[in-house]
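Trainee: Sharing a model prediction with you, sequence too.
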Amino acid sequence: MEIILKQDVPNLGHKDDIVTVRNGYAANYLIPQGFAIMATVSAKKVHAENLRQRAHKEAKIREEAAALAAKLEGLQVKLATKVSSTGKIFGSINNIQVAEALANLGYDIDRRNITIVGEENVKEVGIYEATVKCHREIKANIKIEVVGEE
């Protein structure tokens, strides 16, 4: 029996794949659990149209993400914080402060999409690298300059 998967099924396929399985497996497990639907002629047409529309939307989202990554690439963000006489920061700098600094510059980036390269938290004055994830495969590298408050 041919079925269209509605979600990823281990050892069978990924979402939106059309696969052939045994009748009992489809009728007794996959379809009742909501993992798949029968691949009738009309279901295949609807599936093909959905894939075509999703590909068009995905291409537009990727273009926007690529444009954002091009703007962000090489950007340097300056963060001022309280510093001891030895150059150690009171507290630390993390992706939340970086997201706020980017928001002040006009870039609306979710903090979960920012990763400071090499270290979990920044504890000293200096220049650090961070990666901003704009899309699943599109990333941009920015520099974070941590300076003492005056």
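Mentor: Received it, and whenever you're ready, just let me know what you need.
Trainee: CA atoms for contacts and neighbours, from now on please.
Mentor: Noted.
Trainee: what about residue 77, helix or strand, and which?
Mentor: Using DSSP states H and E, residue 77 sits within strand 76-81.
Trainee: So which bits of that strand are buried?
Mentor: 76, 77, 79, 81 (16 or more other CA atoms under 10 Å).
Trainee: now stretch 136-143
Mentor: Result for stretch 136-143 [16+ other CA under 10 Å]: buried residues 139, 140, 141, 142, 143.
Trainee: hang on, isn't the second one packed against residue 65?
Mentor: No. Taking CA atoms under 8 Å as the definition, residue 140 is not a contact partner of residue 65, at 9.9 Å.
Trainee: where do the contact lists of those two overlap?
Mentor: residue 134 (CA atoms under 8 Å, 6 or more residues apart in numbering).
Trainee: For stretch 82-90, report the contacting residues that lie outside it.
Mentor: 81, 123, 124, 125, 148, 149.
Trainee: mind checking how far it is from the chain centre?
Mentor: Relative to the chain's own centre, stretch 82-90 is displaced by 34 Å; criterion: CA atoms, centre = their mean, to the nearest Å.
Trainee: If we only consider the buried residues of stretch 136-143, which is nearest to residue 129?
Mentor: Nearest to residue 129 out of those is residue 143 (CA to CA; 4.7 Å).
Trainee: how close does residue 45 sit to residue 20?
Mentor: 17 Å (CA to CA, to the nearest Å).
Trainee: just checking, what's the longest strand in the protein?
Mentor: Ranked by residue count and defined by DSSP state E, the top strand of the chain is strand 139-148.
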